[in-house]
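Novice: How does the following fold in three dimensions:
(one chain, ligands or ions: 2)
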Amino acid sequence: MELYELKEEQEKVILVGVQTRENDDTKDSLEELKELVKTAGAEVLGTVIQAREAVHPGYYVGTGKLDEIRMMLDGYGATGIVCDDELSPSQINNLERELQCKIMDRTMVILDIFAARANTSEGKIQVELAQLRYRAARLTGLGNSMSRLGGGIGTRGPGEKKLEMDRRLIKLRISQLKKELEQVKRHRQVLREGRSRENIMTAAIVGYTNAGKSTLLNTLTDAKVLEEDKLFATLDPTTRILELPGKQKLYLTDTVGFIRKLPHHLIEAFKSTLEEAKYADFIIHVVDISNPQREKQMFVVYETLQELGVEDKKIVTLFNKQDKLQDAETIRDFKADYIVKTAIKTGQGLEELKEVLEKILTENQIYLERILDYQEAGQIQLIRKYGQLISEEYTDRGIEIKARVPQNIYGKIGGR
Ligand SMILES: Nc1nc2c(ncn2[C@@H]2O[C@H](COP(=O)(O)OP(=O)(O)OP(=O)(O)O)[C@@H](O)[C@H]2O)c(=O)[nH]1
Ligand SMILES: [Mg+2]
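Specialist: Ligands and ions are numbered 1, 2, ... in the order given. Predicted structure coming up:
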């Protein structure tokens with residue numbers, strides 16, 4: 001008996017989306033929501049789309065549509081609905097009263113996946129902060145969907161027990177988490193400063209969720225980051241060093257994936273993680289070119305980067321998963337200084353990618369040709385360590401070197 005009681009009951013839901021003139025790709029967005037809901041561990045029983053001028057301020061959908069949803073809930077035996085946009089507190093309360101079932105939205109599902117995925121203290125702090133902020137704004141009136149504990153989606157994770165805390169406690173907890181996050185932020189900054197002192201450039205790997213970012217990092221280095229055919233497999237940034245064939249070195253940072261309608265609270269809470277892209281020297285943008293939604297996904301990545309203040313950085317765009325590509329449609333609007341067609345999983349295009357990376361590193365180096373006095377031999381060490389030595393010859397006049405070095409090393413050697 002007890003065994004059965006321990007087992008979580010699987011949520012069975014109906015997805016609801018509103019199509020407006022501005023947001024006319026509701027069908028694709030719902031396809032993605034379906035993946036998200038499945039990733040969160042629930043079952044999707046049906047889908048409802050309503051075309052309207054705008055989202056209904058009180059009920060999300062029009063009241064006529066509510067009858068249809070009510071019939072579907074009964075007919076399919078669903079336990080709740082998931083709306084494709086973030087719901088306001090009053091929409092949640094109204095829908096709950098009208099439909100008498102659990103009301104969820106896209107944000108709750110994404111927060112839920114993040115909660116299940118977070119496994120470092122940094123990730124956990126960020127998720128809890130995002131969850132508490134989202135819920136704090138919705139605790140007024142205490143709808144059942146918000147206060148109900150237990151199995152199913154929308155209730156999991158570090159913030160789970162906190163659901164029933166009163167406002168005062170939530171406020172306290174939020175400020176405590178913010179302090180912890182400050183520390184994490186400082187720690188990240190120290191790591192970054194360490195890397196820049198080493199005179200090694202950093203590239204941030206960004207892209208839509210499931211594009212192949214972690215696979216790239218794992219293939220090029222031996223990072224052993226979890227790569228999965230799931231949304232948001234990676235939450236925490238991992239940095240590894242890559243040594244290129246020409247002996248140049250580059251730091252690569254794998255980051256959390258982007259998605260359309262990425263909840264604002266998550267962006268806020270995950271700023272220190274997402275900001276890795278902001279502090280990188282350049283960007284590697286991985287695109288799943290086999291996904292029919294590739295163009296929209298690329299656009300979402302540009303938008304998110306802009307929101308994070310990442311502008312004017314060189315972008316290397318990888319059109320990845322070439323092995324899965326069926327059609328040969330060309331992409332029209334993209335931002336890229338370099339494009340490489342890859343199938344990271346099979347190794348296709350990786351040599352070319354490395355050449356591009358070397359080119360970027362080389363462009364950022366200054367050519368040096370000098371005779372160093374034997375007393376200045378210590379400088380040779382610097383050049384060997386941070387630069388790319390082309391030749392080194394011992395003559396009676398001193399050490400004749402030819403090399404490419406980072407700008408700041410050039411400064412240290414004395415730009416003669
Ligand atoms: N067919 C094919 N699959 C690939 C390729 N590259 C990566 N994948 C697969 O795509 C899935 C997602 O890869 P990940 O590296 O986890 O993707 P990610 O961008 O890190 O995703 P998140 O961490 O969720 O944002 C995995 O199942 C990979 O094996 C490729 O070139 N071809
Ligand atoms: Mg990943």
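Novice: and residue 168, how many neighbours does it have?
Specialist: Residue 168 has 8 neighbouring residues, counting by other C-beta atoms under 10 Å. All C-beta atoms are positioned from the backbone trio N, CA, C, and that covers glycine.
Novice: now it, what's its secondary structure?
Specialist: When classified by DSSP: H, G, I helix; E, B strand; the rest coil, residue 168 comes out as helix.
Novice: so what pLDDT did it get?
Specialist: At residue 168, the model reports a pLDDT of 78.
Novice: could you pull out the helices for the stretch 51-200 of the chain?
Specialist: 63-76, 89-99, 106-117, 121-136, 144-147, 167-197 (DSSP state H, counting those that start in this stretch).
Novice: Same check on the stretch 301-416 of the chain?
Specialist: 350-363, 377-386, 407-413.
Novice: low-confidence ranges in this structure?
Specialist: Flagging of the chain using pLDDT under 70 yields the residue ranges 1-9, 139-166, 329-330, 408, 414-416.
Novice: Would you map out the domains in it?
Specialist: 10-109, 119-179, 198-361, 366-413 (automatic domain parsing).
Novice: out of the ones you listed, which comes closest to residue 188?
Specialist: domain 198-361 (5.7 Å; C-beta to C-beta).
Novice: Off-centre distance for the closest one?
Specialist: On the basis of C-alpha atoms, centre = their mean, to the nearest Å, domain 198-361 is displaced by 10 Å from the centre of the chain it belongs to.
Novice: what's the answer for stretch 69-83, then?
Specialist: Using C-alpha atoms, centre = their mean, the offset of stretch 69-83 from its chain centre is 32 Å.
Novice: what comes up buried for it?
Specialist: 69, 72, 73, 78, 79, 80, 81, 82, 83 (16 or more other C-beta atoms under 10 Å).
Novice: Which parts of the stretch 201-350 of the chain are strands?
Specialist: Assigned by DSSP state E, counting those that start in this stretch, the strands in the stretch 201-350 of the chain fall at 201-207, 238-243, 249-254, 282-288, 314-320, 338-341.
Novice: Now those in CSV, please, with extra columns for distance to residue 299 and mean neighbour count.
Specialist: Below are the strands of the stretch 201-350 of the chain laid out as CSV (distance: least, C-beta to C-beta, whole Å; neighbours: other C-beta atoms under 10 Å):
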stretch, distance to residue 299, mean neighbour count
strand 201-207, 12, 24
strand 238-243, 26, 16
strand 249-254, 22, 22
strand 282-288, 11, 24
strand 314-320, 13, 23
strand 338-341, 16, 18
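Novice: any chance of the ones you listed in TSV, plus distance to residue 64?
Specialist: Shown next, in TSV, are these (distance: least, C-beta to C-beta, whole Å):
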stretch	distance to residue 64
strand 201-207	40
strand 238-243	50
strand 249-254	47
strand 282-288	38
strand 314-320	44
strand 338-341	48
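Novice: Out of the ones you listed, which gets nearest to residue 227?
Specialist: strand 249-254 (9.6 Å).
Novice: Partner strands of that closest one and their direction?
Specialist: Its sheet considered, strand 249-254 pairs with strand 201-207 (parallel), strand 238-243 (antiparallel) by DSSP bridges.
Novice: okay, the ones you listed in TSV with distance to residue 372 next?
Specialist: Output for the strands paired with strand 249-254, formatted as TSV (distance: least, C-beta to C-beta, whole Å):
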stretch	distance to residue 372
strand 201-207	25
strand 238-243	25
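Novice: Now render these as JSON lines, adding distance to ligand 2.
Specialist: Formatted as JSON lines, these follow (distance: least, C-beta to the ion, whole Å):
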{"stretch": "strand 201-207", "distance to ligand 2": "9"}
{"stretch": "strand 238-243", "distance to ligand 2": "9"}
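Novice: In CSV: these, plus distance to ligand 1.
Specialist: Output for the strands paired with strand 249-254, formatted as CSV (distance: least, C-beta to the nearest ligand atom, whole Å):
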stretch, distance to ligand 1
strand 201-207, 6
strand 238-243, 10
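Novice: so which of those strands comes closest to residue 362?
Specialist: strand 201-207 (11.0 Å).
Novice: In contact with the nearest residue to residue 277 once chain neighbours are set aside, which residues?
Specialist: With sequence-adjacent residues excluded and distances taken as C-beta to C-beta, 6 or more residues apart in numbering, residue 277 is closest to residue 204, at 4.2 Å. With contact set as C-beta atoms under 8 Å, 6 or more residues apart in numbering, residue 204 has these partners: 253, 255, 276, 277, 280, 282, 283, 284.
Novice: ok, those residues vs residue 407, which is closest?
Specialist: residue 282 (15.1 Å).
Novice: from what I can see that closest one touches residue 310, true?
Specialist: No. With contact defined as C-beta atoms under 8 Å, residue 282 does not reach residue 310; the gap is 10.3 Å.
Novice: Can you tell me which of the helices of the stretch 51-200 of the chain is most buried?
Specialist: Highest mean neighbour count among the helices of the stretch 51-200 of the chain (mean count of other C-beta atoms under 10 Å): helix 106-117, with a mean of 25.
Novice: Convert the C-alpha atoms of that one to CSV, please.
Specialist: Output in CSV follows, covering the C-alpha atoms of helix 106-117 (Å, rounded to 0.1, in the frame of the first residue of the first chain):
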residue,chain,number,x,y,z
ARG,A,106,4.8,28.3,-19.5
THR,A,107,6.9,30.1,-16.9
MET,A,108,6.0,27.6,-14.2
VAL,A,109,6.9,24.7,-16.4
ILE,A,110,10.3,26.2,-17.3
LEU,A,111,11.0,27.0,-13.6
ASP,A,112,10.1,23.5,-12.8
ILE,A,113,12.5,22.0,-15.3
PHE,A,114,15.3,24.3,-14.0
ALA,A,115,14.5,23.3,-10.4
ALA,A,116,14.8,19.6,-11.3
ARG,A,117,18.1,20.3,-13.2
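Novice: list the helices and strands that helix packs on?
Specialist: helix 26-39, strand 80-83, helix 121-136, helix 264-269 (3 or more C-beta pairs under 8 Å, 6 or more residues apart in numbering; DSSP states H and E).
Novice: repeat that with 7 Å
Specialist: For helix 106-117, the packing partners by 3 or more C-beta pairs under 7 Å, 6 or more residues apart in numbering; DSSP states H and E come out as helix 26-39, helix 121-136, helix 264-269.
Novice: quick one: the second one to chain centroid distance?
Specialist: Same thing as helix 121-136. 16 Å.
Novice: Now do that helix and helix 167-197, the angle between them.
Specialist: Relative orientation of helix 121-136 versus helix 167-197 (axes from the mean of the first three to the mean of the last three C-alpha atoms, to 10 degrees): 140 degrees.
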